[in-house]
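Asker: quick one: sequence and predicted model below, then my questions.
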Amino acid sequence: THNPKKKKIENHENHKKKHTTSHSTMTASRLSTAAIICLQLLTSLTSAFVPSSQISGAQQLTTTISKTHFTHSTSKNPLFSSASSDNDTPDFSNVGFLILAGGTGSRMKANMPKQFLTLRSSPVLHYSLDLFLEKLPAHCAEMGVSPPAMVVLVMDPKYQPEYQPIVDKYEGKLAFANPGKERQGSVENGLKKLVETTGNGDGSGGCDFVAVHDSARPLVTIPEICHVVSDAKEYGAAVLGVPCKATIKESEDGTLVARTIPRSRLWEVHTPQVVKVEALLRGFEKVERESLEVTDDVSIIEALGEPVKLTRGEYTNLKITTPEDMDVADAILAERGVDEIQLV
């Protein structure tokens with residue numbers, strides 16, 4: 001005999017089982033990612049105190065887990081893919097990239113700027129160069145759109161001879177610019193070089209948009225770049241960012257709390273930051289004329305009173321600032337299965 005009440009209970013139980021299974025799978029995946037990173041960090045810390053022969057087993061275990069999890073993750077998560085799964089790749093023909101590599105990296109306590117430190121098998125800077133000169137153009141070709149018009153590498157002149165062979169290899173796609181005293185000066189110098197190298201011969205630039213990227217962020221992904229460039233083309237300016245996880249306290253004297261800022265309104269901004277070239281040039285004039293203090297590129301657009309779109313990025317797009325950041329970045333790259341970079 002058909003029992004509607006019994007049928008309803010069975011449907012509810014089946015739905016509950018499916019939901020529980022899906023939630024368990026997601027939780028297991030997240031725990032697996034966390035376990036890999038923790039094990040990578042533990043291995044790197046242990047190696048400083050234990051003979052290498054005694055930690056080889058831990059390293060082998062880390063590699064095995066990482067490869068297994070990577071195979072499972074790449075098919076479902078665009079973060080671990082070299083291409084966006086949304087087929088929303090914009091045309092990059094009127095977009096130029098600036099890579100800022102002129103910093104000193106004093107907080108790293110190293111004998112060289114952080115962008116030249118070795119991360120896995122390559123300097124930190126090379127991950128950005130490889131992304132913008134190789135991986136992104138290859139993705140654009142696959143999607144049937146034009147690649148970036150030009151990449152400008154803002155770098156201290158004393159390091160430029162070492163990178164000249166790379167510039168020579170990518171002639172017409174990569175050029176040097178000298179850094180300024182502050183970030184704003186470096187961006188100005190890079191933008192001038194971009195306009196000069198992509199110009200039309202009448203003083204106007206061939207690029208409508210400029211994407212400014214910090215070389216100390218080697219983990220940005222192609223989907224993130226596609227999304228922030230698409231947003232910039234729609235709104236005029238866009239910046240990658242993520243909602244703040246931490247509770248932020250404001251203090252006037254560094255001793256007592258003045259207030260707690262609502263976390264729901266706070267975003268941690270990353271790079272690339274993508275802006276209309278024309279608007280950025282106008283912003284530079286305003287900043288200089290009014291002696292304004294700006295901390296990043298889109299702050300200049302904010303000073304003009306023009307909109308800046310927040311593009312949701314990934315928490316993995318971290319900035320290499322301290323030695324501990326290198327360990328975390330190493331673990332993330334290991335999980336992604338990033339191959340050795342060959343630029344020359």
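Answerer: Structure's in. What do you need? Since we're looking at a predicted model, the values are computed, not measured.

Asker: quick one: terminal-to-terminal distance for stretch 264-283?
Answerer: Start-to-end span of stretch 264-283 (Cα to Cα, to the nearest Å) is 29 Å.

Asker: can you tell me the element Pro137 falls in?
Answerer: helix 136-143 (DSSP states H and E).

Asker: show me where the chain has its strands.
Answerer: With strands called from DSSP state E, the chain shows them at 95-101, 118-119, 122-123, 150-155, 174-177, 209-214, 237-243, 248-250, 259-261, 267-276, 309-312.

Asker: what sits up against the fifth one?
Answerer: Residues from elsewhere that reach strand 174-177 (Cβ atoms under 8 Å, 6 or more residues apart in numbering): 98, 129, 133, 150-155, 160, 163, 166-167, 186, 189-190, 192-193, 197. Backbone N, C-alpha and C define where each C-beta goes, glycine included.

Asker: in JSON lines: the strands of the chain, plus mean neighbour count, mean pLDDT and distance to Pro223.
Answerer: Output for those, formatted as JSON lines (neighbours: other Cβ atoms under 10 Å; pLDDT from 0 to 100; distance: least, Cβ to Cβ, whole Å):
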{"stretch": "strand 95-101", "mean neighbour count": "27", "mean pLDDT": "97", "distance to Pro223": "16"}
{"stretch": "strand 118-119", "mean neighbour count": "16", "mean pLDDT": "94", "distance to Pro223": "21"}
{"stretch": "strand 122-123", "mean neighbour count": "20", "mean pLDDT": "94", "distance to Pro223": "22"}
{"stretch": "strand 150-155", "mean neighbour count": "26", "mean pLDDT": "98", "distance to Pro223": "19"}
{"stretch": "strand 174-177", "mean neighbour count": "21", "mean pLDDT": "98", "distance to Pro223": "23"}
{"stretch": "strand 209-214", "mean neighbour count": "25", "mean pLDDT": "98", "distance to Pro223": "14"}
{"stretch": "strand 237-243", "mean neighbour count": "22", "mean pLDDT": "98", "distance to Pro223": "11"}
{"stretch": "strand 248-250", "mean neighbour count": "11", "mean pLDDT": "95", "distance to Pro223": "28"}
{"stretch": "strand 259-261", "mean neighbour count": "11", "mean pLDDT": "95", "distance to Pro223": "30"}
{"stretch": "strand 267-276", "mean neighbour count": "23", "mean pLDDT": "97", "distance to Pro223": "13"}
{"stretch": "strand 309-312", "mean neighbour count": "18", "mean pLDDT": "98", "distance to Pro223": "11"}
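
Asker: can you tell me the centre-most residue of the chain?
Answerer: The residue lying closest to the centre of the chain (Cα atoms, centre = their mean) is Val220, at 2.6 Å.

Asker: please verify my assumption that it contacts Thr271.
Answerer: Yes - in this structure Val220 lies within contact range of Thr271 using Cβ atoms under 8 Å: 7.3 Å.

Asker: distance of Arg336 from Glu162?
Answerer: 27 Å (Cβ to Cβ, to the nearest Å).

Asker: out of these two, which sits in the more crowded spot?
Answerer: Just comparing Arg336 and Glu162: by other Cβ atoms under 10 Å the higher neighbour count belongs to Arg336, 19 against 11.

Asker: give me the neighbour count for the closest residue to Asp156 other than its chain neighbours.
Answerer: Among residues not flanking Asp156 along the chain, Gly102 sits closest, at 5.5 Å (Cβ to Cβ, 6 or more residues apart in numbering). The tally of other residues near Gly102 (other Cβ under 10 Å) stands at 24.

Asker: one step back: with distance to Met143 added, can I get the strands of the chain in CSV?
Answerer: Shown next, in CSV, are these (distance: least, Cβ to Cβ, whole Å):
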stretch, distance to Met143
strand 95-101, 14
strand 118-119, 28
strand 122-123, 26
strand 150-155, 19
strand 174-177, 22
strand 209-214, 17
strand 237-243, 19
strand 248-250, 39
strand 259-261, 40
strand 267-276, 18
strand 309-312, 19
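
Asker: among those, which comes closest to Pro323?
Answerer: Nearest of the strands of the chain to Pro323, taken as Cβ to Cβ: strand 118-119 at 11.6 Å.

Asker: re the thing from before, for the residue nearest to the centre of the chain, which residues are in contact?
Answerer: 128, 131, 213, 240, 270-272, 313, 317.

Asker: circling back: now do the shared contacts for Val220 and Thr271.
Answerer: 213, 240.

Asker: which stretches of the stretch 51-200 of the chain have low pLDDT?
Answerer: Scanning the stretch 51-200 of the chain for pLDDT under 70 picks out 51-87, 104-110, 200.

Asker: try 90
Answerer: For the stretch 51-200 of the chain, the stretches flagged by pLDDT under 90 are 51-88, 102-113, 121, 182, 199-200.

Asker: list the contacts of the nearest residue to Glu234 once chain neighbours are set aside.
Answerer: Leaving aside its sequence neighbours, Glu234 sits nearest to Lys309 (Cβ to Cβ, 6+ apart; 7.1 Å). Residues in contact with Lys309 (Cβ under 8 Å, 6+ apart) are 231-232, 234-235, 237-239.

Asker: ok, those residues vs Pro137, which is closest?
Answerer: Distances from Pro137 to the contacts of Lys309, taken by Cβ to Cβ, are shortest for Ala232, at 19.0 Å.

Asker: what's the burial count for that closest one?
Answerer: Neighbours of Ala232 (other Cβ under 10 Å): 27.
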